[in-house]
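Trainee: what's the 3D shape of this:
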Amino acid sequence: MENIISRNICEKITSLITETVESSGVSLWDVEYIRDGAGMNLRVTIDKEAGISLDDCERVHRAIDPLLDEADPIAGSYTLEVSSPGLDRNLTKPAHFEWAIGKKAKIKLYEKRPEFDGKTIIAEIAAYNNNEVTISHDGENYKFTPDEIAGAKMIN
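Mentor: Numbering: from 1, shown residues only. Here you go, the predicted model:
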């Protein structure tokens, strides 16, 4: 139940802040509403080709904070964080997998498949089409639906 509520909050906030974030000269990578210890965090992750600076984070924070205060999309208190996705960014959306084509990632599966030794695979993201992620591993291509992927993260 908490995941559904969190997902709905993230969708509302994404709609609310995307235009403002992009007018600040960066793109919106992700929005997460997560429990952190005893409190809740609203984590807004931004990106741009040249990399994110502390000034970018502060500028976006100042721009979206009044929007969130006015719209009040979250019942209760939370901490707003604006950050960069980092080098080991999570891949959670179709746009993330499209961005990652040609790059290496660590893919964690919910269930082991016979082609692999375990549930974790280090592979290149080869394609993303029709809601399927194609990876290239040991010279072979394998396709996965998002329902099969427990998590995906970029690696260097």
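
Trainee: ok, residue 28 to residue 107 distance?
Mentor: Distance of residue 28 to residue 107, computed by C-beta to C-beta, to the nearest Å: 24 Å. Just so you know, the C-beta spots here come from the backbone N, C-alpha and C atoms, and that holds for glycine as well.

Trainee: Determine how far the lowest-mean-pLDDT helix or strand in the chain lies from the middle of the whole chain.
Mentor: Ranked by mean pLDDT, DSSP states H and E, the weakest helix or strand in the chain is helix 2-23, scoring a mean of 89. The chain centroid and the centroid of helix 2-23 are separated by 12 Å, computed with C-alpha atoms, centre = their mean, to the nearest Å.

Trainee: again, but for stretch 140-155
Mentor: On C-alpha atoms, centre = their mean, the centre of stretch 140-155 falls 14 Å from the chain's centre.

Trainee: contacting residues for the residue nearest to residue 84 when sequence neighbours are not counted?
Mentor: Closest residue to residue 84 apart from its sequence neighbours, by C-beta to C-beta, 6 or more residues apart in numbering: residue 52 at 3.5 Å. Residue 52 is in contact with 26, 46, 83, 84, 85, counting by C-beta atoms under 8 Å, 6 or more residues apart in numbering.
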